[in-house]
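J.: I would like the atomic coordinates for the input below:
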Amino acid sequence: MRNLIQPIVTAMAAATLVMVSGMAVAAGDGASSGKKDRPARVEAIEGSKVKRVTVTEKAAKRLDIQTGEVAKDGSGQLSAPYASIVYDISGGTWVYTVPQALTFVRHSVVVQGIKGEKAFLKEGPAPGTKIVTVGVAELYGAEKGVGH
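T.: Numbering: from 1, shown residues only. Next comes the predicted model:
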């Protein structure tokens with residue numbers, strides 16, 4: 001499985017580099033204003049290995065960031081849109097939660113299975129948690145410093 005994921009992650013990283021670089025160009029290089037405008041701000045979260053990613057409204061529109069929610073059915077099974085899942089280079093699985101507008105925090109999930117457009121989770125955020133479904137790879141690239 002890891003051998004299958006590695007090329008996907010590498011391709012995602014390359015695509016993210018292009019998109020995040022494009023995001024920086026779209027936000028402007030600040031040459032006319034004398035300051036550097038950044039489409040994304042990445043901040044450490046005390047006591048955590050993940051970082052908080054905050055994007056400008058312009059960057060969110062350019063990336064077409066869209067969201068969904070973690071759900072729980074009558075049997076207690078957690079699920080999330082499959083599009084919300086991002087794989088790290090070690091094969092770990094994550095989603096980006098949305099604690100407030102334009103702010104995103106990566107959250108570990110354990111995927112139990114995938115059926116169609118739905119990922120069934122053994123572990124993950126609480127039901128009702130808002131998560132990113134479009135723009136996930138770009139947020140991951142911004143958090144990891146790809147293109148900056």
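
J.: Quick check: phi and psi at the residue nearest to Ala119 when sequence neighbours are not counted.
T.: Setting aside the residues directly before and after it, Ala119 is nearest to Tyr82 in space (Cβ to Cβ, 6 or more residues apart in numbering), at 4.6 Å. Every residue, glycine included, has its C-beta placed from N, CA and C. The phi/psi pair for Tyr82 (degrees, to the nearest 10) reads phi -60, psi -30.

J.: quick one: Tyr82 and Glu117 touch, right?
T.: Yes. At 5.3 Å, Tyr82 counts as touching Glu117 under the criterion of Cβ atoms under 8 Å.

J.: After the helix or strand bottoming out on mean pLDDT in the chain, heading C-terminal, what element do we hit next?
T.: Lowest on mean pLDDT, DSSP states H and E among the helices and strands of the chain sits helix 2-27, with a mean of 46. Beyond helix 2-27 on the C-terminal side, the first helix or strand identified by DSSP states H and E is strand 40-44.

J.: who touches the next helix or strand after that following strand?
T.: Scanning forward in sequence from strand 40-44 by DSSP H and E, the next helix or strand is strand 51-55. For strand 51-55, the surrounding residues in contact (Cβ atoms under 8 Å, 6 or more residues apart in numbering) are 39-45, 63, 65, 96, 102-106, 139, 142-143.

J.: just checking, Pro99 is part of a strand?
T.: Yes. If the criterion is DSSP: H, G, I helix; E, B strand; the rest coil, then Pro99 is within a strand.

J.: More neighbours: Tyr82 and Glu117, which one.
T.: Ranked by neighbour count (other Cβ atoms under 10 Å), Tyr82 and Glu117 place Tyr82 first, with 15 against 10.
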